[in-house]
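1. coords below, sequence missing:
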């Protein structure tokens, strides 16, 4: 055939699309806002490559409550929401156990998930898999793949789904670690800067009032207490010249 | 070779950051002192220092290794100039393969470096995004560029050092400091007090007062901390 591509390679071939999926998922989210877009990518790539029917991604918040982050269709959306309202289903199971649910036939799952099963069968699904999003001992969510066939995913499709979920999990971990580090860095800077400004204010007040540095500190602290203001804020006002040392403790004499 | 600078996005490549996350998940967190101690063998330098930046200007060495690193860390603090100060203040990598060529830019720092046998200095910011918390400095007792592979490894080492410093702060309340960081922050209490006193004596902003204190330290060939102790002890005054 003229212009035919080698099967599996070339743009649009499966091999190419697998590579592209991993490249896309290696571009990890930089902040909380980018996480849902990132999981949309995971969702689309899983639908395209894994061979199920529909896909939904759920992520737990810091309290361990799962919420739907991305899904391949609105029909899925409905179902996932139902899953969340109950306390059962493949997603809850794999999230809490950390173990995957692989091609569970819905026809035989009536006892396992009594609420979930009839709803899923009702919208045309025959089997379901749920891959935990897990790194070492920590599970942060799950990827659910719903199939309209009772056989579900083949072995290579399942393994690829697992690999995509794993890469995305590392991406989410990375974003969370970065977010936490950013918060700590800002906090550290604030704590260090406030100590510097308090010492500077002590020196300034001691010099201006002709008192000892220790007494200058009592004066600044007394003022902060009377004004119910943070010590660092009073110190900053002194250092910037907004508050004169002579105005400190105007309503209370410093202990000598 | 003259001093070189390069823009740094605070994050290096995503692959390196992934590497860190995996490393962090793997086991016990590495300490800043361990990171510093391994720099000479890993990055083919003769000394290293990891410094915390306080109020953006003052660098307090958290850990040191190799000859000359103590003197140059003290010089960065006393003088407020040099590659380490630039890296921490501006968030850029500063490569000085031959300090002799940087004499116009940092005359006093270069004087100290040469006197103590350091011929090359490479400084990397410790930063998360726009938030800069210090710098990693690498020293070598002979001139010559850092190999490109060592530059990228040093960026990674600086990132790991950033996270190692922040790990100290992970379990304390906002505005509080961990014991390790409080000890570092408390080392220069006299300098901050003296800065406030000199600002009052001269009627100038604290930034200018610190510049005057540093100039006095250099002129009298003393450490900034010694001059500050004299000011706080009221053995020395600055006149407008």
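-> That came through, no problem. Since this is a predicted model, take the numbers as computed values, not measurements.
2. quick one: residue B:106 and residue B:84 touch, right?
-> No: assessed by C-beta atoms under 8 Å, residue B:106 is found out of contact with residue B:84, at 10.2 Å. Every residue, glycine included, has its C-beta placed from N, CA and C.
3. looking at these two, which is more packed in?
-> residue B:84 (31 against 23; other C-beta atoms under 10 Å in any protein chain shown).
4. so the more buried one touches residue B:126, yeah?
-> No: judged on C-beta under 8 Å, residue B:84 makes no contact with residue B:126 at a distance of 10.6 Å.
5. what do these two both touch?
-> Residues touching both residue B:84 and residue B:126 by C-beta atoms under 8 Å, 6 or more residues apart in numbering or on different chains: residue B:135.
6. strands of chain A, residue ranges please.
-> With strands called from DSSP state E, chain A shows them at A:54-60, A:66-71, A:101-105, A:127-135, A:138-147.
7. worst average pLDDT in those strands?
-> With a mean of 84, strand A:66-71 has the lowest mean pLDDT of the strands of chain A.
8. closest point of the stretch 101-250 of chain A to chain B, which residue?
-> residue A:203 (2.7 Å; C-beta to the nearest C-beta).
9. what count of nearby residues applies to that residue?
-> 30.
10. give the contact list for it.
-> Residue A:203 touches A:213, A:216, B:192, B:193, B:194, B:195, B:196, B:197, B:198, B:199, B:200, B:232, counting by C-beta under 8 Å, 6+ apart.
11. identify, from the residues you listed, the entry nearest to residue B:224.
-> Nearest to residue B:224 among the contacts of residue A:203, counting by C-beta to C-beta, is residue B:194 at 8.8 Å.
12. and the closest one, how many neighbours?
-> Quick note: residue B:194 (other C-beta under 10 Å) scores 30 neighbours.
13. quick one: pLDDT of it?
-> Reported pLDDT for residue B:194: 97.
14. how about the contacts made by the nearest residue to residue A:109 once chain neighbours are set aside?
-> The shortest distance from residue A:109 to any non-neighbouring residue, by C-beta to C-beta, 6 or more residues apart in numbering or on different chains, is to residue A:117 (4.7 Å). Contacts for residue A:117 (C-beta under 8 Å, 6+ apart) come out as A:106, A:109, A:110.
15. filter those to the buried ones?
-> Among these, those scoring as buried are A:106, A:109 (criterion: 16 or more other C-beta atoms under 10 Å in any protein chain shown).
16. CSV for the contacts of residue A:117, including distance to residue B:46 and pLDDT?
-> Output for the contacts of residue A:117, formatted as CSV (distance: C-beta to C-beta, whole Å; pLDDT from 0 to 100):
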residue, distance to residue B:46, pLDDT
A:106, 67, 91
A:109, 67, 90
A:110, 72, 88
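17. which among the contacts of residue A:117 gets closest to residue A:194?
-> Closest to residue A:194, out of all of the contacts of residue A:117 and judged by C-beta to C-beta, is residue A:109, at 58.3 Å.
18. pick out the residue of chain B closest to chain A.
-> residue B:196 (2.7 Å).
19. and the closest residue to residue A:97 other than its chain neighbours, how many neighbours?
-> Leaving aside its sequence neighbours, residue A:97 sits nearest to residue A:132 (C-beta to C-beta, 6+ apart; 7.6 Å). The tally of other residues near residue A:132 (other C-beta under 10 Å) stands at 23.
20. now the contacts of residue A:203 as JSON lines including secondary structure and distance to residue A:169?
-> As requested, the contacts of residue A:203 are exported to JSON lines (DSSP: H, G, I helix; E, B strand; the rest coil; distance: C-beta to C-beta, whole Å):
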{"residue": "A:213", "secondary structure": "helix", "distance to residue A:169": "54"}
{"residue": "A:216", "secondary structure": "helix", "distance to residue A:169": "54"}
{"residue": "B:192", "secondary structure": "helix", "distance to residue A:169": "45"}
{"residue": "B:193", "secondary structure": "helix", "distance to residue A:169": "50"}
{"residue": "B:194", "secondary structure": "helix", "distance to residue A:169": "52"}
{"residue": "B:195", "secondary structure": "helix", "distance to residue A:169": "49"}
{"residue": "B:196", "secondary structure": "helix", "distance to residue A:169": "51"}
{"residue": "B:197", "secondary structure": "helix", "distance to residue A:169": "55"}
{"residue": "B:198", "secondary structure": "helix", "distance to residue A:169": "55"}
{"residue": "B:199", "secondary structure": "helix", "distance to residue A:169": "53"}
{"residue": "B:200", "secondary structure": "helix", "distance to residue A:169": "57"}
{"residue": "B:232", "secondary structure": "helix", "distance to residue A:169": "54"}
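21. what's the closest of these to residue A:148?
-> residue B:192 (70.0 Å).
22. if I pick the closest one, what's in contact with it?
-> A:195, A:196, A:199, A:200, A:203.
23. what is the least confident helix or strand in chain B?
-> helix B:14-26 (a mean of 48; mean pLDDT, DSSP states H and E).
24. what residues sit buried inside the helix or strand just after it?
-> For helix B:14-26, the succeeding helix or strand toward the C-terminus, using DSSP states H and E, is helix B:32-43. Under the neighbour-count criterion of 16+ other C-beta under 10 Å, helix B:32-43 has B:32, B:35, B:36, B:39, B:40, B:43 buried.
25. for residue 139, what are its contacts?
-> Let's take chain A. A:60, A:95, A:96, A:98, A:132, A:133.
26. my bad, the chain I had in mind was chain B
-> Residue B:139 touches B:45, B:46, B:47, B:48, B:49, B:66, B:68, B:69, B:72, B:118, B:120, B:121, counting by C-beta under 8 Å, 6+ apart.
27. which of those ranks first by neighbour count?
-> residue B:121 (30 neighbours).
28. list the contacts of it.
-> Contacts of residue B:121 (C-beta under 8 Å, 6+ apart): B:72, B:82, B:83, B:84, B:94, B:96, B:99, B:113, B:137, B:138, B:139, B:140.
29. could you point out the longest helix of chain B?
-> helix B:148-168 (DSSP state H).
30. for the record, mean pLDDT for it?
-> 87.
31. again, but for stretch A:30-49
-> On average, stretch A:30-49 scores 86.
32. show me which residues of the stretch 1-150 of chain A sit near chain B.
-> A:26, A:27, A:28, A:135, A:136 (C-beta under 8 Å from any C-beta of the partner chain).
33. one more pass at 6 Å, please.
-> residue A:136 (C-beta under 6 Å from any C-beta of the partner chain).
34. where do the helices sit along the stretch 1-150 of chain A?
-> With DSSP state H, counting those that start in this stretch, the ranges of helices along the stretch 1-150 of chain A come out as A:14-26, A:35-50, A:74-85, A:90-97, A:116-122.
35. that's all I had, so thanks and see you.
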